[in-house]
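Colleague: Generate a structure from the sequence data that follows.
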Amino acid sequence: MKKFDIITIFPEILDSYFNESLFKRAQDNKLLKIGTHNLRQWTTDRHQTVDDKPYGGGVGLVFKIEPIYKALKKIVGKNKQKIRIILTAANGKRFTQKDAVRLSQYDQLIFVCPRYEGVDARVEKLVDEKISIGDYVLAGGELPAAVIIEAVARHLPGFVGKQESVRYDSHSQEGYLEHPQYTRPEVFMTREGQKLRVPKVLLSGHHGEIEKWREKKSKKQ
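Modeller: Next up, the predicted model:
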């Protein structure tokens, strides 16, 4: 069973997403397990403080290293499986399909999800890698963690209905983008009178020609 652990100050923020559709089925079938952990449980003061002002001044607050260290020690424990600890960060390495395949080889992925201005830089000594999902800034690391988890989970046998479909996903090869897809109706009429048709070759039943069309329409970046 693949295990995903998310360290956050909002442990219920992703519940609705992970309790629906493919994720619900995968967890019901014991294919994977997703655990969320409230970082505040590893604080020692009555206010459960996880952040503080940065040394040297500046705007905002920074997550402290102590509760993160304690959380990782507890979650990892004496586990001898293949574990990868990931810090979601805007200044991390850009996440790619290759990373999804690589990370799918681990037994457990642990995500540290910052908020505010990020984490004390010493936290980087506690993790294996920093990952960003794009050149923009979000309010926290929970959504990036969810994106990475889904991209990784797609490579687990049994997660999607037909594993063969994953083989032809966009980015499954260097620079590859999947061909266009169509379904019924064959002709769709807009209110403005425009007829939007399915390409004739897809209706021909000629599998060889269909494959040629799909290969031609698949994009190489």
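Colleague: going forward, measure contacts and count neighbours with C-alpha atoms only.
Modeller: Fine.
Colleague: Reduced to three states, what does the residue in the chain sticking out farthest from the centre come out as?
Modeller: Most distant from the centre of the chain: Gly193, at 40.8 Å, with distances by Cα atoms, centre = their mean. Three-state call for Gly193 (DSSP: H, G, I helix; E, B strand; the rest coil): coil.
Colleague: Please list all residues in contact with the residue nearest to Lys93 when sequence neighbours are not counted.
Modeller: Spatially, and ignoring its direct neighbours in sequence, Lys93 is nearest to Ile131 (4.8 Å; Cα to Cα, 6 or more residues apart in numbering). By Cα atoms under 8 Å, 6 or more residues apart in numbering, Ile131 lies in contact with 86-95.
Colleague: quick one: Ile131 from Arg46, how far?
Modeller: 32 Å (Cα to Cα, to the nearest Å).
Colleague: State whether Asp135 and Lys93 are indeed in contact, as I suppose.
Modeller: No. Asp135 is not in contact with Lys93 according to Cα atoms under 8 Å; the separation is 10.1 Å.
Colleague: show me the contacts for Tyr69.
Modeller: 123, 126.
Colleague: Tell me the buried residues in the helix or strand hosting it?
Modeller: Tyr69 is part of helix 65-76, with elements assigned from DSSP states H and E. Neighbour counts over helix 65-76 (16 or more other Cα atoms under 10 Å) mark 65, 67-68, 71-72, 76 as buried.
Colleague: Break this structure into its domains for me.
Modeller: The record's domain parsing of the chain by automatic domain parsing lists 2-153, 177-220.
Colleague: Who has more neighbours out of Asp135 and Lys93?
Modeller: Lys93 (14 against 9; other Cα atoms under 10 Å).
Colleague: Regarding the chain, what is its longest strand?
Modeller: Counting by DSSP state E, the longest strand found in the chain is strand 83-94.
Colleague: gap between that one and the chain center?
Modeller: 11 Å (Cα atoms, centre = their mean, to the nearest Å).
Colleague: ok, for Lys24, nearest residue in space, not its chain neighbours?
Modeller: Nearest non-adjacent residue to Lys24, counting by Cα to Cα, 6+ apart: Phe18, 6.4 Å away.
Colleague: tell me, what residue is most central in the protein?
Modeller: Ile148 (1.6 Å).
Colleague: In three-state terms, label that residue for me.
Modeller: Here Ile148 is recorded as helix under three-state DSSP.
Colleague: wait, it sits on Arg102?
Modeller: No. Counting by Cα under 8 Å, Ile148 does not reach Arg102; the two are 11.5 Å apart.
Colleague: No more questions from me, cheers.
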